[in-house]
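Participant: okay, sequence plus prediction incoming.
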Amino acid sequence: MDDLTKEFIAESQEGLDRMERCLTELETRPGDSDLVGEIFRSVHTIKGTTGFLGFDRLEKLAHAGEHLLGSLRDGKLAVTSGLINGLLRLLDGLRAILTLIEDTGSEGLRSGDEDGALIAELAALNGAAALAVAGSASNASVMAIQQTVASPAPVVMGPAGGLSDKTLRIDVEVLNRMMNLVGELVLTRNQMLQSGVEATNFPELARRLDSVTADLRETVMQARMQPVGNLFGKFPRMVRDLAQTCGRNVRIEFSGQETGLDKSLLEAIKDPLTHAVRNAVDHGIESPAVRVMAGKPAEGCVRLRAFHQSGSVVIEVADDGAGIGIERVLAKAVERGLVTAEQAAGMSEREALQLIFLPGFSTAAAVTTVSGRGVGMDVVRANVEKVGGSVEVESKVGVGTTLRLRVPLTLAIVPALVVRSGGQSFALPQSALVELVYVPKRDEEKAVERMGTAELYRLRERLLPVVWLDRLLGLETGDAEEAHGFYMAVLEAEGCRYGLVVDDLLAPEEIVVKPLSAGLREIGLFSGATVLGSGMLALILDVGATAARAGVKPVEDEPEVEALGEKIEESEISLLVFEDRARERTALPLDVVERIESVPLEQIEYAGGRALLQYRGELLPLSDDGDVLAELEQEHGEDISVTVLICGTKGAEGVQRRGMIVRRVLDVSGGTLIDKDAEEGEMELALVKEKLTMIHREFSVKAAPAWKEVA
Amino acid sequence: MRIVGHDEVEIQDENDAVSLCSMFAGDESFGIDTKKIREVLGKRDLQRVPMAPVYIGGVVPYRGEVLTTVNFRALLGKGELAEVNCVLVLEDEESGERFGLVVDAVGGVVTVSRKMLEANPCTLEARAKWLFDGAYKMQTGLMVQLDPQKLRPSRLAETGLFKERANGERACER
């Protein structure tokens, strides 16, 4: 296929997408002449170019459409639902031919491909209005034709895949900026090569290289970003068609179309999102009669909302339908043997809602006929999780259901924790990391308990399956003499939660994901590789596959469901709860705390009456609200350790760190904020697990924008 | 490219000449057509891939990609030699597959006459028959010709000849 044709197809598909949007809008605003003009132009452009390229079949169909649209534009025709249907079929017809050209290079001239019926229908629509005399007879013929056309006309849903997925429109500005930066990069390289490492200006050059790379990365990312609106664009038509077949009355609303998302991610969430919207119309929204009975407007509404939240993009599909009936869900889950009747009885509403994501739940369509959602929700969740996202659901019976897809901004660069095991480095995606546990050497023996061959760790009175990474991968185990205990990364993926034992933790790093060759992908444990700052390669562990290999099964046990549920409510935030003053519970937003260190008392130094700690080449000021230091010194002398929270605040000039001495760390959990305590300026009160807890606000104001939104 | 290495040979006909890059694994010498070699990287730190077939030497970063390497010693069934290695980058033109080959050392470029090539002897065992592509009779001994096509990791996996770990020996080089 030559370039001209390729360009024509890409352009025409965009034109048709635009036409589709306008058509659905036209139905709600029949008098809008601008819309008609826009539609006319799309078809006209296609007709003009096809004639030039020699696609006769396409030209003929476009010509018929243009003729009809011409009458519409001149006001000879009124917008009726029959007309819109006809035009939509024209759209489908054009799209089908375009797809055919894209696939085969020609428009196909077999007899089955002929558009005679469709052209006749368009002509009849045109004629019916132009010659009002024709009256009922021609109307009848239109109906007849519509019926014959309906089945053979190939229905292509949404923008056709293929070419449009491979091409991308980029602002020339962005491209120019990219080129400039590449030029800058080349210049910097030249200078570096000429000056050598010993040169006095080397640090400066390195800095410049750093900033150029950062800029370039950002610009390339920007070029890859596509507005979510591109994806939303195809929904009005889908909702319209679906609403007609299901006998619903549905309106669709958008917000945040301009929110940018990486192109590859946009592709990845296309299907889950389509599924969610279809579910909302099909099962969420009730038929008009039922709605009126329930005191709601006959017209249902599906709202699509996209927005940024703490480094990821959230896409919400909300309907004002019947909601999900919890009793039905529970009954079904018990019937399917997913939970026992006792378990079901003890479940909260939120826990029960999570059940719809279980694989076994979706196979039967029976659920959907009685209560609502459930078809393939596990597939939706799996697809979104594949790209590092998550799915949440919220529902109120009689009010509606909200499905939230949360996806990272980009796939190529992910935050990860680099760990070492058996002398090799591995990267664990942060998205799967729940928490880190350090087991010192003296506790090593009793920390891991055995049940048969299974090894378990007691994490806050819950048993966690333990997987030894070095044993699983058949690596050499480290020297026992050298060992200083071990670290356990608590990971969660695809519903599995387990502790992965590694020898050492290295720095958290933003890693660039590189694909592995096909042969190595077959091993199935690694999702890619990355080059670390040290220049060495590290394999990226596929957390889900590792769990499967180690035999960890997804468990949807109660506390976990609760934990998932807690994330849903917006007013809730993750907090690290600790005790500093005796008998008082204090908490910090979890994202402020970088590490929890156990520091021997003798390592804490004093200068000018302030406690300081030398920590990784930095001098950290320590705050000690509960006078823990003085107390411990009195009681135990110097040979005891204190717990220090290393907190980091991102300021203008990099990360500001400080330490906070606490009596003991209690828990990590979600909490609900209650009113500001007027007396204490920097404190706020919250309810964490039904207990009153103070929240340190000193960091959070500057540190965590996400937290600010919440507060 | 006609750099004459340590094995100088008289070439009568231009069309008859082949440039080979000589390399060593153990005490044997091997040759690969220079046209099929993209780059000689020299000694690299290889990142081992756990659970991979034994002939996978590990991965190395190469021009923004992650290059899978084949350990030639492991293919021959010889134990791995730690520390000393040399990575060559080969590319298969047909499939576009790019991979690395780990050998002990790379010699130089040798120009030889096609006439000096002898086919594989019939007594060769199956694995070697797959790997070797005849041998050149050099003054210093035989130089076995290798076909990069057949060394591709995906082809090696397909043949199934190299599945078991050589002599139960574990590939551990760090």
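Facilitator: Received, thanks. Remember, it's a predicted structure, so these values are computed and weren't measured experimentally.

Participant: give me the residue from chain B nearest chain A.
Facilitator: Closest approach between chain B and chain A, counting by C-beta to the nearest C-beta: residue B:50, at 3.5 Å. Where you see a C-beta, it was placed from the backbone N, CA and C, and this is true even at glycine.

Participant: that residue: what's it in contact with?
Facilitator: Counting by C-beta atoms under 8 Å, 6 or more residues apart in numbering or on different chains, residue B:50 touches A:422, A:424, A:473, A:474, A:475, A:525, A:539.

Participant: try it again at 7 Å.
Facilitator: Residues in contact with residue B:50 (C-beta atoms under 7 Å, 6 or more residues apart in numbering or on different chains) are A:473, A:474, A:475.

Participant: kindly report the same for residue B:76.
Facilitator: Counting by C-beta under 7 Å, 6+ apart, residue B:76 touches B:25, B:26.

Participant: quick one on the thing from earlier: tell me the pLDDT at the residue of chain B closest to chain A?
Facilitator: Note on residue B:50: pLDDT of 86.

Participant: and the pLDDT for residue 28?
Facilitator: No chain was given, so I picked chain A. 77.

Participant: my question was about chain B
Facilitator: Listed pLDDT for residue B:28 reads 84.

Participant: which ones are touching it?
Facilitator: residue B:144.

Participant: ok, 8 Å please
Facilitator: B:76, B:144.

Participant: that older thread, hmm, which of the contacts of residue B:50 are the buried ones?
Facilitator: Using 16 or more other C-beta atoms under 10 Å in any protein chain shown as the burial test, the contacts of residue B:50 include A:473, A:475 as buried.

Participant: hey, what's the closest residue to residue B:35 other than its chain neighbours bridged with?
Facilitator: Spatial nearest neighbour of residue B:35, excluding adjacent residues (C-beta to C-beta, 6 or more residues apart in numbering or on different chains): residue B:19 at 7.5 Å. For residue B:19, the beta-bridge partners under DSSP bridges are residue B:111.

Participant: right, and residue B:19 touches residue B:33 too?
Facilitator: Yes: between residue B:19 and residue B:33 there is a contact at 7.0 Å, judged by C-beta atoms under 8 Å.

Participant: who's more crowded, the two?
Facilitator: residue B:19 (19 against 15; other C-beta atoms under 10 Å in any protein chain shown).

Participant: bridging residues for residue A:644?
Facilitator: Per DSSP bridges, the residues bridged to residue A:644 are residue A:597, residue A:661.

Participant: my bad, should have said residue A:618
Facilitator: Assigned bridge partners for residue A:618, using DSSP bridges, are residue A:615.

Participant: how about residue B:75, what does it touch?
Facilitator: With C-beta under 8 Å, 6+ apart, residue B:75 has these contacts: B:55, B:127, B:131, B:151, B:156, B:162.

Participant: filter those down to the ones in helices?
Facilitator: Secondary structure from DSSP state H places B:127, B:131, B:151, B:156 of those in helices.

Participant: which two in the residues you listed are spaced the farthest apart?
Facilitator: Across the ones in helices among the contacts of residue B:75, no pair lies farther apart than B:127 and B:151, at 12.3 Å, counting by C-beta to C-beta.

Participant: more crowded one of those two?
Facilitator: Neighbour tally, residue B:127 and residue B:151, criterion other C-beta under 10 Å: the higher count belongs to residue B:151, 20 against 14.

Participant: so the more buried one makes contact with residue B:90?
Facilitator: Yes: between residue B:151 and residue B:90 there is a contact at 7.0 Å, judged by C-beta under 8 Å.

Participant: distance between the helix or strand where residue A:612 lies and the chain's centre?
Facilitator: Per DSSP states H and E: residue A:612 is located in strand A:610-615. Centroid displacement of strand A:610-615 relative to its chain, using C-alpha atoms, centre = their mean, to the nearest Å, is 40 Å.

Participant: check which helices and strands that strand sits against.
Facilitator: Applying 3 or more C-beta pairs under 8 Å, 6 or more residues apart in numbering or on different chains; DSSP states H and E, one finds that strand A:610-615 contacts strand A:604-607, strand A:618-623, strand A:654-662.

Participant: got any ranges where the stretch 501-650 of chain A has weak pLDDT?
Facilitator: A:554-573, A:637-639, A:650 (pLDDT under 70).
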